[in-house]
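>>> Sequence first, then the predicted structure:
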Amino acid sequence: MKKITLLFVLSSFLSFAQSNTDKIQSYLNENHQKFDLTKADVSDWVVESTSNSTASNVDIYYVLQRYQGIEIFRGLSNFAIKNGDVFYVGNRFVSHVSEKINTTTPLISMQTALNKAYIDAGITNHEPFLVLESGSNHKATLSNGIGIEEPVLANLVFQQTKQNLKLAWDFTFYTPKHDHGWSVRIDAANGQVLEKNDIVISCHFDKTNSCHESSFEKNTFDLNFHKKNNSILNTTNVLGGSYRVIPFNYESPSHSPFQLVTNPEDATASPKGWHDTNTLTGNVASFKYTITRGNNVWSRTDYSATNPTVGSTTITANGYSPDGGASLVFDFPYSGTSVAANNSVKAACTNLFYMNNISHDVWQHYGFDEASGNFQQTNYSNVSGASDFVYGDAHDGSTLSPTPSMNNANFSTPVDGQKPRMQMFLWSVAPQLKPLIVTAPSVIAGDYYAKQNSFSPGHVDLPLAPNFIQSDLVKYDDGTPDVGQTDNADGCGAAVNAAAINGHIAIIRRSTSAANGGAPCAFTEKVKNAQNAGAIAVIIVDNVDATYPIGMSGADATITIPAIAVTKAVGDLIFAKMALGTVNVKLQLPANYTPFVNSDGDFDNGIIAHEYGHGISTRLTGGKNNSSCLQNTDQAGEGWSDWFALMLQLKPGDVSTTPHGIGTFVYSEPVTGGGIRDYPYTTDMTVNPMTYNTTNSYQYMDTNGLEQTEIHGTGSVWTTVLWDLTWAYINKYGYNDNKYTGTGGNNKLMRIVLDGLKLQPCSPSFVDSRNAIIAADQAITGGVDYCMIWEVFARRGLGVNASAGDTNVGNDQVADFTTPPAGPNCTLGTTNFDQNSLFEVYPNPSNGIYNLRINNFVGKITTQVVDINGRIVLNTTEDFNIEKELNISSLQSGIYILKIMGEKINYATKIIKN
């Protein structure tokens with residue numbers, strides 16, 4: 001599918017007496033050819049959901065194309081209606097549908113198809129599927145057969161392929177641990193899997209390149225960070241809580257001390273507070289909670305990844321939530337990263353609860369509200385789609401054996417009315433240390449990164465400076481070569497060179513995996529064998545290329561010597577020098593070293609806001625009843641999520657050029673670290689040089705040999721552009737620290753970006769998302785910042801002629817740095833005369849016929865008419881004698897820029913065609 005969003009900023013002649021659906025149909029009847037659609041293509045459709053923007057007074061209709069009553073999967077177009085007229089269209093209707101249909105009758109049953117989808121997802125044991133609910137529109141709800149809360153959603157659809165439309169069964173279901181939520185299309189003729197997407201957006205936050213250090217210092221806490229209007233602070237009728245947390249405008253415990261925050265709930269977004277699920281007039285006691293549960297989120301433990309639906313009062317059990325008592329005081333200590341994370345589980349659930357609620361309350365003011373599908377148990381208006389608060393799972397999978405879940409966070413966003421889930425994990429990324437000091441030979445002398453083991457029992461720390469262990473290195477030899485190696489150094493057997501090892505530091509290779517033909521042994525076995533040979537310490541060398549040393553786990557209480565791991569690159573360097581002579585090393589921890597066990601993602605406000613942001617972007621793109629519109633290859637989902645996090649952490653005194661790293665806490669970096677993205681976010685292009693071309697560099701081959709796109713890297717390009725735009729708005733309008741109802745440049749852009757999410761089409765490219773932001777500015781302000789927005793986008797390669805290529809190809813984007821001709825309300829220059837007295841365009845607005853008058857001018861002029869997206873739609877050069885007629889009656893209604901250029905003339909103005 002070509003990434004072309006067909007946009008029309010127009011003012012149609014449709015009657016106000018028509019309903020909005022009638023207006024959409026009339027628009028399609030009149031304009032179908034512009035979309036290469038037939039009349040039949042636009043004759044069968046259904047409104048899947050609606051949304052609105054109170055900021056722009058726009059109503060948005062999300063319309064699904066059908067054929068003979070069967071929906072076309074992702075054949076979803078959105079129509080924005082303002083002042084009774086179709087204002088903007090994001091088209092995703094399929095053209096010439098009848099020529100592409102393979103059949104309208106399924107050959108396999110819904111249950112048979114679901115069974116094939118389960119097998120493909122690795123679920124082989126399940127109860128029979130029962131139809132719980134069915135409708136005449138080919139949709140059904142089925143039991144999941146695996147005992148989890150969420151049912152299976154089913155629908156008969158047409159799946160788009162490159163050439164055809166295939167009849168398919170569409171299913172959405174979760175795996176038992178909720179680590180995947182599969183959206184699957186099964187061919188209704190033969191049972192083949194046509195497409196499978198995961199609605200659980202997993203954010204491993206992998207760091208692929210080196211980090212860049214920034215220069216900001218740790219901020220102190222601002223007691224006024226919850227800056228709201230007095231009316232919002234009025235909680236007379238609502239019992240507010242107190243929470244010891246990291247304030248939301250700081251990222252983590254590394255950035256701010258914990259503070260006891262009182263009454264942070266927002267009375268507009270959460271009028272019953274954070275712990276009451278009653279209606280506005282309700283007062284049922286059982287609908288009120290004193291634990292970390294309420295209308296917007298239920299934060300609790302899920303140690304063994306069972307996704308509990310029933311709470312527990314046992315702190316070591318799944319479903320445990322801390323209790324704040326009748327006064328709702330959640331004041332629990334944080335023990336840090338040097339002890340087991342479960343020592344701080346009450347504080348973790350509290351911070352997770354707090355940050356989810358903050359995200360709910362803040363973004364409600366900018367358009368993520370009930371009408372647009374926000375996350376609430378009770379909707380206070382008459383809008384449907386309640387019962388979908390967020391499950392906030394703290395310490396998710398942390399006790400799974402043999403491999404706990406680590407170093408991740410994810411968010412699943414089903415359709416409106418079904419509960420999303422945020423799963424937060426512990427992190428095992430220790431601070432990077434250089435305890436390996438090579439003293440000889442001099443050519444490789446220096447300090448090297450290494451990682452201590454996490455044996456338990458069996459861990460022995462290296463000595464703290466000034467103490468140390470030092471010796472020549474001896475390569476371990478067990479007499480049997482490992483697969484793929486020419487030496488016998490993997491340490492899985494008794495040492496045949498024990499005499500040489502005795503009293504020295506032994507160096508051992510990591511074993512070749514069984515999958516590659518090896519016979520590996522545990523790290524503890526290698527270390528114990530070396531200890532038995534008399535080694536005083538052990539260095540394990542990785543056998544695969546990696547950025548960081550591998551983590552070594554295991555248990556052996558009889559181990560009494562320290563062991564560290566190094567990367568393959570460091571080990572290969574040492575082995576090469578050992579082949580030529582003696583290598584001497586010293587092992588030593590810095591004097592200020594403190595042990596590291598785990599960091600806890602529940603205390604990283606940036607990651608929580610990022611994950612919540614996936615819910616916002618998924619619910620707003622394509623409407624609240626469609627969760628499949630951000631599954632194309634080069635959409636910007638990860639980019640919006642980083643931006644959501646950054647916007648909440650803005651503070652007075654911040655400057656645009658200060659680099660901001662994401663995730664420094666869970667990566668055990670200092671606050672000045674570069675974070676988990678390739679570049680920290682800054683407007684300084686010498687520090688963050690990303691442009692639209694950068695999106696082409698995130699391709700990799702998966703384990704099946706298929707080319708994939710690393711979406712976090714691609715997304716960071718979009719965040720970079722939005723961050724530039726944020727500072728353009730702040731520089732123009734100032735910064736307002738009231739994140740809820742402020743009027744600063746940051747607040748203005750927050751409204752525009754959320755409206756852009758609502759306006760952009762299903763499966764948007766970066767170009768589509770850019771166009772939607774420009775359209776949102778038009779709808780809200782009339783295009784006051786048109787030029788500024790274009791300048792920011794063009795600076796990073798998303799200029800007028802930027803090309804997105806195919807939405808499902810990740811490396812065919814083409815950057816362009818061209819800005820369009822000056823747009824409405826921009827500063828437009830003339831060279832030789834006063835425009836108000838010498839230049840006239842009338843009538844304006846008109847039905848398409850204008851008179852142009854330039855007093856006392858005779859000569860050649862070039863006349864250009866430019867549409868709202870910067871495209872030149874009329875271009876003529878002709879003789880001019882004071883006055884002439886301009887006819888644009890053939891163009892669509894809307895706003896255009898008229899440019900007139902000639903000798904000593906350079907003039908532009910906005911014209912409106914009715």
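Received, thanks.

>>> contacts, neighbours, all on C-alpha from now
OK.

>>> Of all residues in this structure, which one is nearest the centre?
Of all residues in the chain, the one closest to the mean position by Cα atoms, centre = their mean is Glu638, 2.7 Å from it.

>>> a helix runs through it, doesn't it?
Yes: inclusion of Glu638 in a helix is indicated when DSSP: H, G, I helix; E, B strand; the rest coil is applied.

>>> Quick one: residues contacting the nearest residue to it once chain neighbours are set aside.
Take Glu638 and drop its neighbours on the chain: the residue closest to it by Cα to Cα, 6 or more residues apart in numbering is Gly715, 4.6 Å away. Taking Cα atoms under 8 Å, 6 or more residues apart in numbering as the definition of contact, the neighbours of Gly715 are 635-640.

>>> Next: Arg770.
Shown in contact with Arg770 (Cα under 8 Å, 6+ apart): 793, 798.

>>> doesn't it fall inside a helix?
Yes: Arg770 forms part of a helix when assessed by three-state DSSP.

>>> After the worst-scoring helix or strand of the chain on mean pLDDT, which helix or strand is next?
Of all the helices and strands that make up the chain, helix 230-233 has the lowest average by mean pLDDT, DSSP states H and E, namely a mean of 34. Under the assignment DSSP states H and E, the closest C-terminal helix or strand after helix 230-233 is strand 242-245.

>>> Can you name every helix or strand that the helix or strand following that next one contacts?
If you walk from strand 242-245 toward the C-terminus, the next helix or strand you reach (DSSP H and E) is strand 259-262. Taking 3 or more Cα pairs under 8 Å, 6 or more residues apart in numbering; DSSP states H and E as contact, the helices and strands that strand 259-262 lies on are strand 242-245.

>>> List the neighbouring strands of the strand it packs on plus their orientation.
The sheet places strand 242-245 alongside strand 259-262 (antiparallel), strand 329-330 (parallel), with pairing taken from DSSP bridges.

>>> residues contacting the residue nearest to the centre of the chain?
614, 711-712, 714-716.

>>> ok, now which ones touch the residue nearest to Thr547 when sequence neighbours are not counted?
Excluding its sequence neighbours, the residue lying closest to Thr547 (Cα to Cα, 6+ apart) is Thr567, at 7.4 Å. Under the criterion of Cα under 8 Å, 6+ apart, the contact list for Thr567 reads 450, 541-550.

>>> Isn't Asp187 up against Phe171?
No: applying Cα atoms under 8 Å, one finds Asp187 not in contact with Phe171, separated by 11.5 Å.

>>> do you know how far the nearest residue to Tyr391 once chain neighbours are set aside is from Asp388?
Using Cα to Cα, 6+ apart and skipping the chain neighbours, the partner closest in space to Tyr391 is Arg421 (4.6 Å). As defined by Cα to Cα, to the nearest Å, Arg421 lies at a distance of 10 Å from Asp388.

>>> Could you do Gln159 as well?
If you measure Gln159 against Asp388 using Cα to Cα, the figure is 28 Å.

>>> In PyMOL, how would I select just the buried ones from the contacts of Thr567?
Applying 16 or more other Cα atoms under 10 Å to the contacts of Thr567, the buried members can be selected in PyMOL as follows:
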select buried, resi 450+541+542+543+548+549+550
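
>>> Could you dump the contacts of Thr567 into JSON lines and include distance to Trp298 and secondary structure?
Formatted as JSON lines, the entries for the contacts of Thr567 read as follows, by distance: Cα to Cα, whole Å; DSSP: H, G, I helix; E, B strand; the rest coil:
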{"residue": "Ala450", "distance to Trp298": "40", "secondary structure": "strand"}
{"residue": "Val541", "distance to Trp298": "44", "secondary structure": "strand"}
{"residue": "Asp542", "distance to Trp298": "42", "secondary structure": "coil"}
{"residue": "Asn543", "distance to Trp298": "43", "secondary structure": "coil"}
{"residue": "Val544", "distance to Trp298": "41", "secondary structure": "coil"}
{"residue": "Asp545", "distance to Trp298": "41", "secondary structure": "coil"}
{"residue": "Ala546", "distance to Trp298": "38", "secondary structure": "coil"}
{"residue": "Thr547", "distance to Trp298": "37", "secondary structure": "coil"}
{"residue": "Tyr548", "distance to Trp298": "36", "secondary structure": "coil"}
{"residue": "Pro549", "distance to Trp298": "37", "secondary structure": "coil"}
{"residue": "Ile550", "distance to Trp298": "35", "secondary structure": "coil"}
